[in-house]
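Chemist: Provide a 3D model corresponding to the input given below.
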Amino acid sequence: MENLLKIRQIKYEKLLLGGGIEKIEKHKDKGKMTAWERIAYLLDEDRAYVEIGIFAGDGLYEEHGGCTNGGVVVVMGYIKGRLCIVVSNDATVKAGAWFPITGKKNLRAQEIAIENHLPIIYLVDSAGVYLPMQDEIFPDKEHFGRVFRNNAKISAMGIPQISAIMGSCVAGGAYLPAMSDYALIVEGTGSVFLAGSYLVKSSIGEVIDNETLGGASTHSEISGVTDNTYPDDEHCLDAIRNIVDKFGDTPKSVFSRSQPQEPKLDYTSIYTNLPEDRLKPYNMLQILEAIVDEGSLEEYKKDYGKTLICALARIDGWAVGIVANQREMVKVKKPGGMQEMQMGGVIYSDSADKAARFIMNCNQQRIPLVFFQDVTGFMVGSRSEQGGIIKDGAKMVNAMANSVVPKFTFVVGNSYGAGNYAMCGKAYDPRLIYAWPTAQMAVMSGASAGKTLLQIQEATLKAKGVSLSEEEKKERLSAIEQQYNEQLSPYYAAARLWVDGVIDPKETRKIVSIGIEAASHNPDIPRYNVGVIQV
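Modeler: The predicted structure follows:
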């Protein structure tokens, strides 16, 4: 774990450099703060914050020079004591241009603001759509235009939006400040227009400079697009803090919280209790004891359905319901006596049944759910099929998918196949989902996929009268496993925003705590209705 965390730290420090030292120096020579400096200045000191979309774009678009961190920094943090979402364009990365992953990350930020009724602040410094990839970011439902649709929806919900134009804000992006409640602009560096001076000249023949066309004076004194002008980034950010300070409070839904207690075990125990070998057993309860408040864990049906741990607990004082895969070697009562078996992260029928009932209980009692994934899938084979594993698995997925309380997911280890779905993968709308550096996500493991695909290839060739030698089989198997194992990486998932980032396990408590506090700002929790469940 410590080695994996060192790798993570190296990768994370690279993110902080955005487009690189040279680009940062040029950016600052213009009198501008970097994306991260703006966030640090804006947020309250000594208050925890959560970064969203860490490692987005990692390894993507190499043929275009890359898009570090998706070209935008997104955090959920406190401004004047008020929890907010902050979206800060990084103009050192391709002038802040929107790649496909940039659009996905911006939409994720708005989704979190909508779900939790949180104010959202846009620190705009972007050249707009990255033109060489316009077909992948411009026209579809979840592309660039969805941002402005969301602006309108967020406004209709009464959620405050503030735009600060701290650099370029061009073309369709110009609608962002116009659709916000407050639009601020920095003199000399901020500009907003539908078309820049070059396009204006080529389109209508007018010769004009960008500052006159769409600078601070034009929009604050003539057009009225922006509210006020500020001499530099710092004064503009001060104004944002002053505005947020005046927001009225909102009704909050009540999730149970008591005085926080430290966990029984130090977080460093996770590093030793979680084995490097993903096939080795370990006791998930020991991992949980380093996350939940000491003395708060109360297991549900602990002697039944042992491949899943279901438990009530508190995390930083917040009441939670935990669903976690168990990987311990345990003794299980079977016909003929006690048998020792390794849980292996497999979900059996009795475990799925237990989890479904537990999830329904938590929804009825308004207890947020936290999932800890280390799952290889549901049990297969004739005995499981005849025992109704599909029916019981569907019951669990149904209860989880219809859940109305906030859900949070952490991928601790394996996250394979339908196990990813049942344990609240990204497709099932967790409020936040993060991976530990030990995570692996795919339909199945590289070894299983390799053997399966090799069998298919052999059968296809055999039908054509071609047979493979043992050496050829080994080469094909190795190639398949190598490709698959690359895609298993948590950074592969984070790059594509299948998860909100790769974190040190010690951050888990903070993310759950801030996540539930954010969720408490949305008072509209509907009645829990579950679909048809075959018992």
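Chemist: what's opposite residue 347 in the beta bridge?
Modeler: Beta-bridge pairing of residue 347 under DSSP bridges involves residue 378.
Chemist: now do the strands in the stretch 251-400 of the chain.
Modeler: For the stretch 251-400 of the chain, applying DSSP state E, counting those that start in this stretch gives strands covering 298-299, 308-315, 318-325, 329-334, 337-342, 346-347, 369-375, 377-378.
Chemist: dump the second one to PDB, keeping only the CA atoms.
Modeler: Same thing as strand 308-315. Extracted in PDB, the C-alpha atoms of strand 308-315 (Å, rounded to 0.1, in the frame of the first residue of the first chain):
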ATOM      1  CA  LEU A 308     -21.400  -9.600   2.800                       C
ATOM      2  CA  ILE A 309     -21.000  -7.500   6.000                       C
ATOM      3  CA  CYS A 310     -24.100  -5.400   6.700                       C
ATOM      4  CA  ALA A 311     -23.700  -3.100   9.700                       C
ATOM      5  CA  LEU A 312     -25.000   0.100  11.200                       C
ATOM      6  CA  ALA A 313     -22.200   2.500  12.400                       C
ATOM      7  CA  ARG A 314     -21.100   6.100  12.600                       C
ATOM      8  CA  ILE A 315     -18.500   7.800  10.600                       C
END
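Chemist: for this structure, where's the lowest mean pLDDT among helices and strands?
Modeler: Lowest on mean pLDDT, DSSP states H and E among the helices and strands of the chain sits strand 337-342, with a mean of 61.
Chemist: what's the spacing between residue 76 and residue 49?
Modeler: Using Cβ to Cβ, to the nearest Å, residue 76 is found at 6 Å from residue 49. Quick note: C-beta positions are derived from backbone N, CA and C, even for glycine.
Chemist: got a list of what the residue nearest to residue 478 when sequence neighbours are not counted touches?
Modeler: Among residues not flanking residue 478 along the chain, residue 450 sits closest, at 8.0 Å (Cβ to Cβ, 6 or more residues apart in numbering). Applying Cβ atoms under 8 Å, 6 or more residues apart in numbering to residue 450 gives the contacts 477-478, 480-481, 484.
Chemist: now, of those residues, which are buried?
Modeler: 477, 480-481, 484 (16 or more other Cβ atoms under 10 Å).
Chemist: and which of those is nearest to residue 345?
Modeler: The closest of the buried ones among the contacts of residue 450 to residue 345 turns out to be residue 484 (Cβ to Cβ; 18.0 Å).
Chemist: what helix or strand is that closest one on?
Modeler: Element membership of residue 484, judged by DSSP states H and E, is helix 470-488.
Chemist: swap in residue 185?
Modeler: strand 182-186.
Chemist: for the buried ones among the contacts of residue 450, which one is nearest residue 125?
Modeler: For the buried ones among the contacts of residue 450, the nearest to residue 125 is residue 484 (38.9 Å; Cβ to Cβ).
Chemist: wait, doesn't the closest one sit right on residue 440?
Modeler: No - with contact defined as Cβ atoms under 8 Å, residue 484 does not count as touching residue 440 (10.1 Å).
Chemist: overlap in contacts, those two.
Modeler: Joint contacts of residue 484 and residue 440 (Cβ under 8 Å, 6+ apart) do not exist.
Chemist: quick check: next helix or strand after the strand holding residue 185?
Modeler: strand 191-193.
Chemist: contact partners of that following strand?
Modeler: Against strand 191-193 from outside (Cβ under 8 Å, 6+ apart): 165, 167-170, 174, 177, 185, 210-211, 213-216, 219, 225-226.
Chemist: each with direction, which strands does that strand pair with?
Modeler: Strand 191-193 is paired, per DSSP bridges, with strand 161-170 (parallel).
Chemist: who has more neighbours, residue 76 and residue 49?
Modeler: Using other Cβ atoms under 10 Å as the criterion, residue 76 and residue 49 rank with residue 76 on top: 25 against 18.
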